[in-house]
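A.B. asks: Quick one, what's the 3D model for this:
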Amino acid sequence: MTRAQANLLLLAVALIWGSAFVAQAAGMVGVGPLTFTGIRFLLGTAVVAPLAWREWRLLAVRQAQPLPRDALGIGVLGVLLMLGAVFQQIGITSTTVTNAGFLTALYVPLVPLLCWLLLRTPAHWSVWPTSLGCLAGTWLLSGAQSVDLVVGDLWVMASSVFWALHVIFVGRIAERLHAPFLIAAGQFLVCGLLSLLCAAPSETLTRDGLALAALPIAYAGLVSVGVGYTTQVVAQRYAQPADAAIILSAETVFAAMFGFLLMGDRLNAEGIAGCVLILVCIVAVQIAPLTAAGRRALAARRAQ
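C.D. replies: Model prediction:
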């Protein structure tokens, strides 16, 4: 696969993930957020399961099956995934698709910030101005809205903390267990089952409600979770990190576009400024460390 083909696949992933916010909003007509999340991730599990089974067999041949601590780690990932997805889903019930897309992406600057706080990993200097920029963008995006929309925004912002923790710990587990599809299927399964378990006493599922939500759930589960994740894994094997960082950030733009076209979302001047500021900061915090590393590598080659 060429670099250009990999970039096109990543653009397709960003398009899928951005459009999935519309499906998540539409699905709330018939089912509750826990039920939606549970069924969605179980469908995603079904898509990834054949690839996970193949990885399991390869690990068995090498006698490198996951240890109990690996299974525990995948379980923790599933819990973080469930919390992030459910908080986001609750937020989407009372905010716009556009806001949900941009506010979810706050996990990007949160990842290096939480690494610094929790793991004492040095943070690149770009984390600090971009974090402040994201806060300013969030204030602009949420500041001129009704109380109901602000409440939804807060739920989505809270979900970004769990997405960031998930990104941090999935990286650590993936380094030890070289089986991305096995990790994906395991965490999807835990997320789906735990969501449905929590939904049982708190949400009512009816046949008519499930029929209304069936298409959005299918899209969010089979396409967004299953196909989107799998395609990302394949494409990032061939894409440059800087390319992937910029292209996947377009998820927020696609969410705004689909929100405008399909959900009637409209932003005032303050909201547009907030979206632009958040997007610029998201791209900058991913690109700045990569460009600095590139300059150091070039200087090292010149010194040889």
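A.B. asks: drop to CA atoms for contacts and neighbour counts, all remaining ones
C.D. replies: Noted.
A.B. asks: Where does pLDDT dip in the protein?
C.D. replies: 142-149, 240-245, 290-304 (pLDDT under 70).
A.B. asks: Skipping adjacent residues, who's closest to the spatially most central residue of it in space?
C.D. replies: Centroid check for the chain by CA atoms, centre = their mean gives W163 as the closest residue, at 6.4 Å. Spatial nearest neighbour of W163, excluding adjacent residues (CA to CA, 6 or more residues apart in numbering): G84 at 5.5 Å.
A.B. asks: ok, the one you found touching L165?
C.D. replies: No. Between G84 and L165 there is no contact under CA atoms under 8 Å: 9.3 Å.
A.B. asks: and those two? which has more neighbours close in?
C.D. replies: Neighbour comparison, G84 and L165: the larger count goes to G84, with 25 against 20 (by other CA atoms under 10 Å).
A.B. asks: What strand or helix carries that one?
C.D. replies: Under DSSP states H and E, the secondary-structure element containing G84 is helix 68-92.
A.B. asks: In whichever strand or helix holds V150, which residues are buried?
C.D. replies: Under DSSP H and E, the secondary-structure element containing V150 is helix 147-176. For helix 147-176, a neighbour-count test (16 or more other CA atoms under 10 Å) marks 149-170, 173 as buried.
A.B. asks: Which strands and helices lie in contact with the helix or strand harbouring G133?
C.D. replies: Using DSSP H and E, the secondary-structure element containing G133 is helix 127-143. Contact analysis of helix 127-143 by 3 or more CA pairs under 8 Å, 6 or more residues apart in numbering; DSSP states H and E lists helix 107-119, helix 147-176, helix 269-303 as its packing neighbours.
A.B. asks: Could you rerun that using 7 Å?
C.D. replies: Using 3 or more CA pairs under 7 Å, 6 or more residues apart in numbering; DSSP states H and E as the contact test, the elements touching helix 127-143 are helix 107-119, helix 269-303.
A.B. asks: Buried residues, the helix holding G84. List them.
C.D. replies: Within helix 68-92, the residues that count as buried by 16+ other CA under 10 Å are 70, 73-92.
A.B. asks: related to what we said a few turns ago, quick one: residues in contact with the helix or strand following the helix holding V150.
C.D. replies: The element immediately downstream of helix 147-176 (helix or strand, assigned by DSSP H and E) is helix 180-202. With contacts defined as CA atoms under 7 Å, 6 or more residues apart in numbering, helix 180-202 is touched by 34-35, 37-39, 41-42, 44-45, 48-49, 51-52, 55, 74-75, 77-79, 81-82, 174.
A.B. asks: let's go with 8 Å and repeat that
C.D. replies: Counting by CA atoms under 8 Å, 6 or more residues apart in numbering, the neighbours of helix 180-202 from elsewhere in the structure are 32, 34-35, 37-42, 44-46, 48-49, 51-53, 55-56, 74-79, 81-82, 86, 174, 230, 233.
A.B. asks: Can you point out the buried residues in stretch 272-289?
C.D. replies: Within stretch 272-289, the residues scored as buried using 16+ other CA under 10 Å are 273-289.
A.B. asks: contacts for it?
C.D. replies: Residues external to stretch 272-289 that are found in contact with it (CA under 8 Å, 6+ apart): 102, 105-106, 108-109, 124, 126-127, 130-131, 133-134, 136-141, 242, 245-246, 249, 252.
A.B. asks: just stretch 102-112 next, same as before
C.D. replies: By CA under 8 Å, 6+ apart, the residues outside stretch 102-112 that reach it are 88, 121, 123-124, 127, 130-131, 134, 138, 153, 156-157, 159-161, 163-165, 167-168, 249, 252-253, 255, 275, 278-279, 281-282, 285-286.
A.B. asks: just to revisit the earlier point, so which elements touch the helix holding G84?
C.D. replies: Partner elements for helix 68-92 (3+ CA pairs under 8 Å, 6+ apart): helix 3-27, helix 33-61, helix 97-104, helix 147-176, helix 180-202.
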